[in-house]
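Engineer: mind folding the following:
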Amino acid sequence: MEFKIETSILLGALDMLHNISQTKGVRPILANTLIDGSGDQLKISSTDLEISMTVSKSSDIDRKSTRLNSSHIPLS
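Structural biologist: Next up, the predicted model:
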């Protein structure tokens, strides 16, 4: 997946979603963030099975793709 987006916009979206997957002891399979890039939208999703959130941001997508990343990656 290749996309172009301002760093501050991406980090803001990841920070919001990070709070969902870190609110309590979550099963390891749920401690991930789904990133879907298609068209001109980058959609980032996370869940803990009680709460789920998807953030959509305009982005320049070079290659349509979907991937699952660990939510435990430090953002700073």
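Engineer: next, the residue minimising distance to the centre of the chain: secondary structure please.
Structural biologist: Nearest to the mean C-alpha position of the chain, counting by C-alpha atoms, centre = their mean, stands Ile44 at 3.4 Å. Using DSSP: H, G, I helix; E, B strand; the rest coil, the structure places Ile44 in strand.
Engineer: show me what contacts it?
Structural biologist: 13-14, 17, 33-36, 54-57 (C-beta atoms under 8 Å, 6 or more residues apart in numbering). All C-beta spots, glycine's among them, are computed from the backbone N, C-alpha and C.
Engineer: least confident of those?
Structural biologist: Among these, Leu17 has the lowest pLDDT, at 78.
Engineer: so which elements touch whatever helix or strand that one lives in?
Structural biologist: Taking DSSP states H and E as the definition, Leu17 sits inside helix 7-21. Packing contacts for helix 7-21, counted by 3 or more C-beta pairs under 8 Å, 6 or more residues apart in numbering; DSSP states H and E, involve strand 32-38, strand 41-47, strand 52-58.
Engineer: if we go to 7 Å?
Structural biologist: strand 41-47, strand 52-58 (3 or more C-beta pairs under 7 Å, 6 or more residues apart in numbering; DSSP states H and E).
Engineer: for those strands, which one ends up most surrounded?
Structural biologist: Ranked by mean neighbour count, those are led by strand 41-47 with a mean of 19 (mean count of other C-beta atoms under 10 Å).
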